[in-house]
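Undergrad: I would like the atomic coordinates for the input below:
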Amino acid sequence: MKKLSVLVLALIAQTAFAAQSTPESTAAQLLDPVKVADVAKDPKAAVAAMTNMMDPATAIAIAKMSMDPATYTRMAQAGMSPDVLKSYAAFIDPAVSMKWLAAGMDPNFYMAAMAPFMNPNMYMKWMAAPVDPRVLNLAMSTLNPSMYMNWAAAPLAPANMNLMMAPLNPNMYTQWAGAAADPKTYGTWGSFMNPATYGNMVNPFASFFPVPMAAPAAK
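TA: Numbers count the residues shown, from 1 in each chain. Below is the predicted model:
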C-alpha cells in the first residue's frame with residue numbers, strides 16, 4: 001500500500017511538472033541551440049524534458065526533424081544569433097543556482113524526477129515502438145525520393161544562401177557586441193556593469209538634492 005501511494009504521488013508530481021511540455025516541443029527545444037539551455041535553468045523544465053525523453057515519441061520526433069535539412073538551417077541560424085550568448089550567460093545568474101538549491105530541498109522535485117522511471121507505461125511504449133505507425137512511417141520516408149531532393153537542393157535554398165552570407169554582414173557582429181555589453185544579458189550580475197548602479201556612489205550628495213521639476217508649459 002505504501003509503495004502504491006508513493007507511485008501515485010510520483011505520477012501526480014510528474015503531471016504537474018510536465019503539463020506544459022510535450023514530446024514534440026521537447027524535441028524542438030533540444031534541437032535549438034538557444035532554447036536547449038533553458039532545460040538546465042529551471043528544475044521544472046529539466047524534469048519535464050527528462051520525462052519526455054523517457055517517451056519514445058520524443059526520439060521519434062527528433063529522428064523526423066533530423067531528416068529535414070531545414071532543421072540544420074534553423075540550428076545554424078540560432079547558433080549565429082546573439083541570443084545564444086544571452087541564453088548561456090544566464091547560468092552565471094545566482095537566481096539560477098538558487099532555483100536548483102531550492103529544488104534540491106523539495107521532495108516533490110525528487111518524486112517528479114523518479115516518476116518516469118517508476119511508470120510501467122513508459123517501458124510498454126518502448127516495447128511497442130518498433131511497430132508504432134510513426135516509426136514505420138519514418139522508416140518508409142527513407143524510400144521517398146523527395147527527401148533526397150530536398151537535401152540535394154538545400155545548398156541553393158534562399159535560407160542557406162543567406163546563412164552563408166551572414167558572416168559578411170557587419171550588423172551581426174554589432175548585435176553580438178551589443179548583447180555582450182548589455183547588462184541585461186548577465187541577469188543579476190548585470191547590475192555591476194550598469195553605470196546607473198554607481199550613480200549615488202560617484203556623487204554621494206545626489207540623494208539629498210531633489211531633481212528639479214520642469215516648468216509647466218505655457219498655454
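Undergrad: in this protein, which residue is closest to the centre?
TA: If you average the C-alpha coordinates of the chain and look for the closest C-alpha using Cα atoms, centre = their mean, you land on residue 35, 2.4 Å from that point.
Undergrad: got the phi and psi for that one?
TA: Backbone geometry at residue 35, expressed as degrees, to the nearest 10, gives phi -80, psi -20.
Undergrad: for it, give me its contacts.
TA: Neighbouring residues of residue 35 by Cβ atoms under 8 Å, 6 or more residues apart in numbering: 28-29, 87. For glycine as for every other residue, the C-beta is placed from the backbone atoms N, C-alpha and C.
Undergrad: from the residues you listed, which land in helices?
TA: Taking DSSP state H, the ones among the contacts of residue 35 that sit in helices are 28-29, 87.
Undergrad: quick one: which of those is nearest residue 110?
TA: Closest to residue 110 out of the ones in helices among the contacts of residue 35 is residue 29 (23.1 Å), distances taken as Cβ to Cβ.
Undergrad: state the pLDDT value of the closest residue to the closest one other than its chain neighbours.
TA: With Cβ to Cβ, 6 or more residues apart in numbering as the criterion, residue 29 has its nearest non-adjacent residue at 4.7 Å, and that residue is residue 35. Looking at residue 35, its pLDDT is 92.
Undergrad: again with residue 218
TA: Among the per-residue scores, residue 218 shows a pLDDT of 55.
Undergrad: same check on residue 215?
TA: 52.
Undergrad: what's the answer for residue 212, then?
TA: If you check residue 212, the pLDDT there is 53.
Undergrad: next one: residue 188
TA: As summarised for this prediction, residue 188 has a pLDDT of 77.
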